[in-house]
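Student: Fold the following, please.
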Amino acid sequence: MIIDSRLADAWTRLPDYLGSHVLVSITALAIGLGISLPLAILSVRRPVLRGVLLTIASVVQTIPGLALLALFYPLLLALAALTQKLFGASFSALGFLPSVLALALYSMLPVLRNTVTGLNAIDPRLREAARLFGAGPFQRMRDIEVPLAMPVIMAGIRTSAVWVIGTATLSTPIGQTSLGNYIFAGLQTQNWVFVAFGCVAAAALALLVDQLLALMENGAESHSRARVAAGGLGLVLVALAALLPGHAITRNTYIVGAKPFTEQYVLAALVQQRLEAAGLPSARRDGLGSAVIFNALAAGDIDVYVDYSGTIWTNEMHRTDTPPREVVLRDVADWLQQTKGVTMLGVLGFENAYALAMPREKADSLGISSIADLAGHAAQLAIAGDYEFFERPEWKALQSAYGLKFRQQRTMQSDFMYQAAANGDVDIVSAYSSDGRIAKYDLKVLADPMHAIPPYDAILLIAPKRANDDTLAATLKPLAGAIDVATMREANLRASTSGETPGAVARWLASEIEKRH
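Tutor: Just a heads-up that it's a prediction; the model follows:
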């Protein structure tokens with residue numbers, strides 16, 4: 001039954017995910033081909049230009065796909081701010097545009113290389129014969145050289161298409177909906193049905209496109225216009241089949257953001273369900289990093305999400321002091337409003353702070369109950385943190401306050417850290433105080449006597465463009481103070497270990513909130 005419900009949930013998301021994936025892939029591939037084909041043809045007789053183009057394209061190819069996608073977001077965000085300042089008009093730097101630009105660059109190398117190789121492999125005597133018959137350079141290229149090189153060129157286009165479709169799954173962290181949403185969400189919630197579904201869907205799409213392009217390649221090689229036309233028609237039908245269902249869905253108005261961990265998926269689903277119940281159409285942008293999601297909210301690319309007071313305090317305000325909770329919340333709310341125009345709608349009622357935790361049995365055997373006690377043993381122990389932790393100000397504050405220096409420092413997906421500690425693969429983990437797996441794996445949360453880590457109350461943030469949206473505020477205001485830490489721990493445990501989807505857990509959480517009110 002659990003697998004059935006997960007499959008059903010995966011199928012309901014397929015039109016949106018697949019349509020968005022196809023759209024961004026087609027656009028990127030079209031731009032890549034539109035740039036690389038003319039440049040390759042132009043550089044065939046120009047060795048210096050050819051060398052420069054291939055070198056640049058090769059260097060781009062060495063950049064990891066996720067890094068290339070992520071790099072475009074801050075660049076476009078700065079450009080959007082500049083255009084707003086100079087011309088009074090801006091554009092969305094989240095999702096589609098950075099994904100398309102990065103993927104277009106990624107698509108160019110195989111097309112450039114194969115086009116140059118194919119054109120250079122043509123027998124020079126054919127060019128000379130065409131010249132003697134009066135054909136000019138452009139005519140020779142159009143009527144003789146490109147048609148003869150087309151099978152090799154098509155092979156490069158096939159490689160490029162497969163690369164783009166595969167790499168597009170990595171666009172989820174910068175806000176572009178894709179088949180990667182299945183994979184990122186599935187990894188964070190240990191929903192392996194989602195992970196498998198996303199991988200199979202992306203692979204099937206890539207193989208289908210590759211086979212249709214292979215049909216066109218075969219047609220070009222055998223001079224069969226029917227095969228070329230059949231392959232082209234197949235690609236059009238695939239694109240229409242993927243895109244039309246998405247366009248049939250009501251256009252989403254409210255965009256709910258979520259960071260890439262279980263609690264965020266549950267809370268985003270809870271917010272979305274409340275919006276839908278109030279008749280407000282909505283969509284989700286899951287798996288966004290802390291900096292990306294905050295900038296997206298401030299820029300109006302998303303409308304609402306749950307953040308944490310300590311994250312704003314350290315990452316955005318760059319504060320290193322740790323005053324009482326009431327002071328932090330007041331100063332965070334004032335800073336958000338005055339500097340970003342962001343509204344802090346309320347505090348949900350629980351705290352999800354970073355904390356260092358270790359297996360209780362090991363902690364007791366070493367006499368460790370606080371981070372101060374840990375400092376004396378750190379040199380013999382290994383610590384694991386999530387993707388962000390070791391680059392965050394909180395880690396630097398802990399190191400400064402307690403002089404922590406561990407034998408080994410490992411970065412891994414947050415869901416795997418707890419199991420790694422339970423298995424003895426690491427000794428310490430950067431846990432989250434509202435995570436139910438602390439109890440499940442019998443981990444001991446170490447006290448922070450020097451208060452190096454600030455409070456981390458969950459807070460509901462609203463974008464500047466929604467500041468006067470009374471309907472939105474009235475819909476979400478009842479969540480303020482409605483979730484205690486014990487309930488959130490139970491929700492997180494359900495989402496990460498019971499096989500329930502974040503949406504199902506969100507409905508359970510909503511029922512618990514109703515019982516308390």
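Student: which strands and helices sit next to the strand or helix carrying residue 503?
Tutor: For residue 503, the enclosing helix or strand under DSSP states H and E is helix 502-516. In this structure, helix 502-516 packs against helix 262-277, helix 485-497, with contacts taken as 3 or more C-beta pairs under 8 Å, 6 or more residues apart in numbering; DSSP states H and E. Every C-beta, even on glycine, is put in place using the N, C-alpha and C of the backbone.
Student: and residue 360, what does it touch?
Tutor: Going by C-beta atoms under 8 Å, 6 or more residues apart in numbering, residue 360 touches 442-444.
Student: Kindly report the same for residue 505.
Tutor: Contacts of residue 505 (C-beta under 8 Å, 6+ apart): 266, 269, 491, 494-495.
Student: Could you report the separation of it from residue 302?
Tutor: According to C-beta to C-beta, to the nearest Å, residue 505 and residue 302 sit 22 Å apart.
Student: Enumerate the positions of the host helix or strand of residue 153 that are buried.
Tutor: Counting by DSSP H and E, the element that carries residue 153 is helix 146-167. For helix 146-167, a neighbour-count test (16 or more other C-beta atoms under 10 Å) marks 146, 148-167 as buried.
Student: cool, and stretch 330-340?
Tutor: For stretch 330-340, by 16+ other C-beta under 10 Å, it's 331-333, 335-336, 340.
Student: and which of those residues is nearest to residue 98?
Tutor: residue 340 (20.9 Å; C-beta to C-beta).
Student: three-state assignment of the nearest residue to the closest one once chain neighbours are set aside?
Tutor: In this structure, residue 340 finds its nearest non-sequential neighbour in residue 298, 4.6 Å apart by C-beta to C-beta, 6 or more residues apart in numbering. Following DSSP: H, G, I helix; E, B strand; the rest coil, we place residue 298 in the helix state.
Student: My guess is residue 298 contacts residue 339. True?
Tutor: No - under the criterion of C-beta atoms under 8 Å, residue 298 makes no contact with residue 339, lying 9.0 Å away.
Student: Output the contacting helices and strands for the helix or strand harbouring residue 71.
Tutor: Under the criterion of DSSP H and E, residue 71 resides in helix 65-87. Packed against helix 65-87 by the contact rule (3+ C-beta pairs under 8 Å, 6+ apart) you find helix 96-120, helix 290-299.
Student: Pull out the C-alpha coordinates of the helix or strand that the last one is followed by and format them as CSV.
Tutor: Going back to what we said before, that points to helix 290-299. Next helix or strand after helix 290-299 toward the C-terminus (DSSP H and E): strand 304-308. C-alpha atoms of strand 304-308 as CSV (Å, rounded to 0.1, in the frame of the first residue of the first chain):
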residue,chain,number,x,y,z
VAL,A,304,6.3,32.2,0.8
TYR,A,305,8.5,29.7,2.7
VAL,A,306,9.5,28.7,6.2
ASP,A,307,13.0,29.8,7.3
TYR,A,308,14.7,29.8,10.7
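Student: tell me which residues of the helix or strand just after strand 304-308 are tucked away?
Tutor: As assigned by DSSP H and E, the chain's next helix or strand after strand 304-308 is helix 309-311. Of the residues in helix 309-311, 309-311 count as buried by neighbour count, 16+ other C-beta under 10 Å.
Student: Contacts only, for residue 293.
Tutor: 257-259, 302, 305, 307.
Student: separation between residue 504 and residue 415?
Tutor: For residue 504, the distance to residue 415 equals 18 Å [C-beta to C-beta].
Student: And residue 223, by the same measure?
Tutor: For residue 223, the distance to residue 415 - C-beta to C-beta - is 54 Å.
Student: Who has more neighbours out of the two?
Tutor: residue 415 (18 against 10; other C-beta atoms under 10 Å).
Student: Just the element for the more buried one, please.
Tutor: helix 414-423.
Student: report the angle between the axes of that helix and helix 262-277?
Tutor: The directions of helix 414-423 and helix 262-277 differ by 140 degrees, with axes from the mean of the first three to the mean of the last three C-alpha atoms, to 10 degrees as the criterion.
Student: Give me the buried positions along helix 414-423.
Tutor: Within helix 414-423, the residues scored as buried using 16+ other C-beta under 10 Å are 414-422.
Student: Then stretch 107-126?
Tutor: For stretch 107-126, by 16+ other C-beta under 10 Å, it's 107-116, 118-119, 122.
Student: and if you look at stretch 405-415?
Tutor: 406, 409, 412, 414-415.
Student: average pLDDT for that stretch?
Tutor: Throughout stretch 405-415, pLDDT has a mean value of 86.
Student: Let's see that stretch as CSV, backbone CA atoms only.
Tutor: Listed next in CSV are the C-alpha coordinates belonging to stretch 405-415 (Å, rounded to 0.1, in the frame of the first residue of the first chain):
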residue,chain,number,x,y,z
LYS,A,405,39.5,20.1,15.7
PHE,A,406,38.3,16.6,14.6
ARG,A,407,40.3,13.7,13.2
GLN,A,408,38.1,13.6,10.2
GLN,A,409,35.4,15.9,8.7
ARG,A,410,32.9,14.4,6.3
THR,A,411,30.1,15.9,4.2
MET,A,412,27.1,13.8,3.4
GLN,A,413,23.3,14.0,2.7
SER,A,414,21.6,14.9,6.0
ASP,A,415,19.4,11.8,6.0
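Student: now the buried residues of stretch 330-340 as JSON lines including pLDDT?
Tutor: What follows is the buried residues of stretch 330-340, written out as JSON lines (pLDDT from 0 to 100):
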{"residue": "331", "pLDDT": "96"}
{"residue": "332", "pLDDT": "96"}
{"residue": "333", "pLDDT": "96"}
{"residue": "335", "pLDDT": "97"}
{"residue": "336", "pLDDT": "96"}
{"residue": "340", "pLDDT": "94"}
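Student: what would those look like in TSV with distance to residue 38 and secondary structure?
Tutor: Converted to TSV, the buried residues of stretch 330-340 look like this (distance: C-beta to C-beta, whole Å; DSSP: H, G, I helix; E, B strand; the rest coil):
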residue	distance to residue 38	secondary structure
331	55	helix
332	52	helix
333	53	helix
335	50	helix
336	48	helix
340	43	helix
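Student: Checking the nearest residue to residue 165 once chain neighbours are set aside next. Helix, strand or coil?
Tutor: Of all residues not flanking residue 165 in the chain, residue 206 sits nearest, at 4.3 Å (C-beta to C-beta, 6+ apart). Under three-state DSSP, residue 206 falls in the helix class.
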